[in-house]
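[1] pasting the sequence and the predicted coordinates here, then a few questions.
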Amino acid sequence: MNDSYVECMVARKSSPFLGILKYIIYILTGVSIIGVVAGYYIFLVTLIIFGLLAYFAVPGFELEFEYLYLDREISIDKIMSKQKRKRIRTLELGKMEYLCPINSHQLDQYKARNLKLSDYSSKDPDSKIWVMVYKDQNTEELIGFEPNDEMLKAVKNIYPRKVIEY
């Protein structure tokens, strides 16, 4: 069997606003801790709120996406703060209609129909985003991601007519 394995990692570009918001949440959590220790139990409510925000929301501010090509499937994982990993989805390439750059004319008919675009890219304006037209049962969807050249070559070896490079 001629299976190939390709792994690609992309870090999402974070906005400066999220960095500032992260530090504001940490500072307000610290102030709430000091208030509770000083005996002001009204700060217990704010401590719970900001503590939950610091634990659940802040790790989502730093995202990385890992694309894994294996056995005619692409798995997309989301890595939050380099600590928590979550499998977002697995794409079977047999259900792929096209794979082309985001500015390709091949996508015009799909963009005109206002299909949903699931974006798993770095959102960096200098990066080359590829879009997969994915048809699963009765739904069509556009999936944006940033594969490296090795992953594109592996997909093109299996489905040469579905990978459009212009």
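    Nice, thanks for sending it over. Source: prediction; values computed, not measured. Residues are numbered from 1 along each chain as shown.

[2] need the residue closest to the centroid of the protein.
    For the chain, residue 120 is the residue whose C-alpha lies nearest the centre (CA atoms, centre = their mean; 3.4 Å).

[3] looks like residue 135 contacts residue 97 (just checking).
    Yes: using CB atoms under 8 Å, residue 135 makes contact with residue 97 at a distance of 5.5 Å. In short, each C-beta sits where N, CA and C put it, glycine included.

[4] these two: which is more packed in?
    residue 97 (14 against 11; other CB atoms under 10 Å).

[5] show me what contacts that one?
    133, 134, 135, 140, 162 (CB atoms under 8 Å, 6 or more residues apart in numbering).

[6] and the contacts of the helix or strand of the chain with the lowest mean pLDDT?
    Least confident helix or strand of the chain, by mean pLDDT, DSSP states H and E, is helix 108-112 with a mean of 82. With contact meaning CB under 8 Å, 6+ apart, helix 108-112 is reached by 133, 140, 142.

[7] isn't there a strand covering the first one?
    Yes: counting by DSSP: H, G, I helix; E, B strand; the rest coil, residue 133 falls inside a strand.

[8] nearest residue to it in space, please, no chain neighbours.
    Nearest residue to residue 133, sequence neighbours excluded (CB to CB, 6 or more residues apart in numbering): residue 97, at 3.9 Å.

[9] any residues touching whichever strand or helix holds residue 26, and which ones?
    Applying DSSP states H and E as the criterion places residue 26 in helix 16-37. The contact list for helix 16-37 (CB under 8 Å, 6+ apart) reads 42, 43, 44, 46, 47, 50, 51, 53, 54, 57, 58, 61.

[10] same check, this time on stretch 118-138
    10-13, 65, 67, 76, 78, 88, 91, 95-102, 104, 107, 110, 117, 140-147, 152.

[11] how about stretch 54-68?
    By CB under 8 Å, 6+ apart, stretch 54-68 touches 5-12, 14, 18-19, 21-22, 25-26, 29, 74-85, 88, 120-122, 145-147, 151.

[12] if we go to 7 Å?
    7-12, 14, 18, 22, 25-26, 29, 74-81, 83-84, 120, 145, 147, 151 (CB atoms under 7 Å, 6 or more residues apart in numbering).
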